[in-house]
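Colleague: dropping a prediction and its sequence here:
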Amino acid sequence: MSGFSLSSEPFTLERDCNAVMVPQGEIVVLPAGQIGYITQALGGSFTVYVEGNLFRIAGSEADALGKEPPPAIELPANASDDDVEQLVWQQLRTVFDPEIPINVVELGLVYDVSLESAAQDQRKVYVKMTLTAPGCGMGDILVDDVRTKIELIPTVAEADVDLVFDPPWNHSMMSDAAKLETGML
């Protein structure tokens with residue numbers, strides 16, 4: 001989907017940096033001194049354009065781009081399951097397809113979220129989600145991004161992300177805001 005107007009902020013990597021090729025999903029190391037452009041900076045991660053290829057760089061690697069990493073997530077000491085579930089949905093809204101500037105919630109990719117109590121005031125979170133296409137090369141990367149971001153929430157011991165294709169995703173599952181952003185409304 002290349003019809004979006006993306007920014008193109010130039011950068012020079014300050015150190016070697018782990019990155020994921022888009023859409024293949026292959027993990028690579030971009031070397032210190034590499035020059036490129038940040039095309040998307042959403043949800044604490046970055047999509048960059050380097051020598052004709054797109055790569056996704058996690059927020060934890062932000063310093064390599066000369067950027068600040070995302071702030072830690074805070075949760076009140078007496079937080080309820082509802083409070084945690086609200087934070088889960090907030091975190092899900094920080095997961096973006098590297099090629100589309102819309103989060104997975106607005107795209108309609110998240111089918112269900114549930115919480116279960118675990119030992120010592122910990123919780124296990126279950127997420128059922130899908131992809132825009134079953135063969136999407138970024139599927140594993142998006143699932144890992146969802147898991148990692150949910151596990152940043154205090155009291156969440158584990159996030160179990162189940163990738164399903166029934167019902168199959170279609171454009172009608174997108175929020176009106178996402179349809180407007182993609183020109184489908």
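Modeller: Yep, that arrived.

Colleague: show me the protein divided up by domain.
Modeller: Listed by automatic domain parsing, the domain ranges of the chain are 9-65, 81-182.

Colleague: ok, Gly44 touching Pro70?
Modeller: Yes - under the criterion of C-beta atoms under 8 Å, Gly44 makes contact with Pro70 at 3.6 Å. The C-beta positions use only the backbone N, C-alpha and C, and glycine is treated the same way.

Colleague: shared neighbours, these two?
Modeller: Residues touching both Gly44 and Pro70 (C-beta atoms under 8 Å, 6 or more residues apart in numbering) are 59, 62, 94.

Colleague: what are the boundaries of the helices in the chain?
Modeller: 81-92, 139-150, 176-182 (DSSP state H).

Colleague: can you redo the domains of the chain as TSV with mean pLDDT, distance to Leu75 and mean neighbour count?
Modeller: Formatted as TSV, these follow (pLDDT from 0 to 100; distance: least, C-beta to C-beta, whole Å; neighbours: other C-beta atoms under 10 Å):
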stretch	mean pLDDT	distance to Leu75	mean neighbour count
domain 9-65	91	17	17
domain 81-182	90	4	17
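
Colleague: please name the residues that touch the residue located most distally from the centre of the chain.
Modeller: Using C-alpha atoms, centre = their mean, the residue of the chain lying farthest from its centre is Gln120. It sits 28.5 Å away. Gln120 makes contact with no residue, according to C-beta under 8 Å, 6+ apart.

Colleague: ok, the residue nearest the centre of the chain - contacts?
Modeller: With distances taken as C-alpha atoms, centre = their mean, Val95 lies nearest the centre of the chain, 2.4 Å away. Going by C-beta under 8 Å, 6+ apart, Val95 touches 43, 103-104, 142, 145-146, 149.
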